[in-house]
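**Q** the following block contains a protein sequence and its predicted model.
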Amino acid sequence: MQKQTSGQKQKIKSLEGEIDKMKTQKVSLMKRIKEESEQHRKWKADRVKELIQVKSQNIKKDREIQMLRRDNKKKEQMAKRKQEELNAFLKKSKTDKVKQVNGTKDRMKRKNIDIEYL
């Protein structure tokens, strides 16, 4: 009977040792889980912050592109208008020159000057 009690006491001590070891492992695992959870939370927060920053930069770049396109369109319209004004001026100048030449010819004809010699 004493052998049984001694064996049981030894088994109890062994099991208590295992329980203590398991408790230590549990505490260690819980600490590790908490640390990894915190690391993941920080990583996720950093990614969200980075994503927000990238989106903000994209919005700014899109606005700048829109502004540049608007400016370019205004400049193209102004250049087109100036070209049309120039074409109209050149056409008028040419017409005026033709009228001037015809007027000179008419005056010379009236004065009986032979244009062919000129």
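**A** Alright, I've got the coordinates.

**Q** and K97, which of the three is it?
**A** Using DSSP: H, G, I helix; E, B strand; the rest coil as the criterion, the local structure at K97 reads helix.

**Q** okay, now V48: neighbour count?
**A** V48: 10 surrounding residues under other CB atoms under 10 Å. Every C-beta, even on glycine, is put in place using the N, C-alpha and C of the backbone.

**Q** mind checking how far the most centrally placed residue in the chain is from R47?
**A** Central residue of the chain (CA atoms, centre = their mean): N58, 2.9 Å from the mean position. N58 sits 16 Å away from R47, going by CB to CB, to the nearest Å.

**Q** repeat that for S56.
**A** Here S56 is placed at a distance of 15 Å from R47 (CB to CB).

**Q** and for stretch 27-39, what's in contact with it?
**A** Where contact means CB atoms under 8 Å, 6 or more residues apart in numbering, no residue beyond stretch 27-39 reaches it.

**Q** any low-confidence regions in the protein?
**A** In the prediction, the chain carries residues with pLDDT under 70 at positions 1-3, 112-118.

**Q** all helices for it, in order.
**A** 2-110 (DSSP state H).

**Q** and K91, how many neighbours?
**A** Using other CB under 10 Å: K91 sits among 10 other residues.

**Q** cool, and M108?
**A** 13.

**Q** residue numbering should commence at 27 henceforth.
**A** In the new numbering, first residue 27, that becomes M134.

**Q** how much space separates it from D122?
**A** Relative to D122, M134 is positioned 19 Å away (CB to CB).
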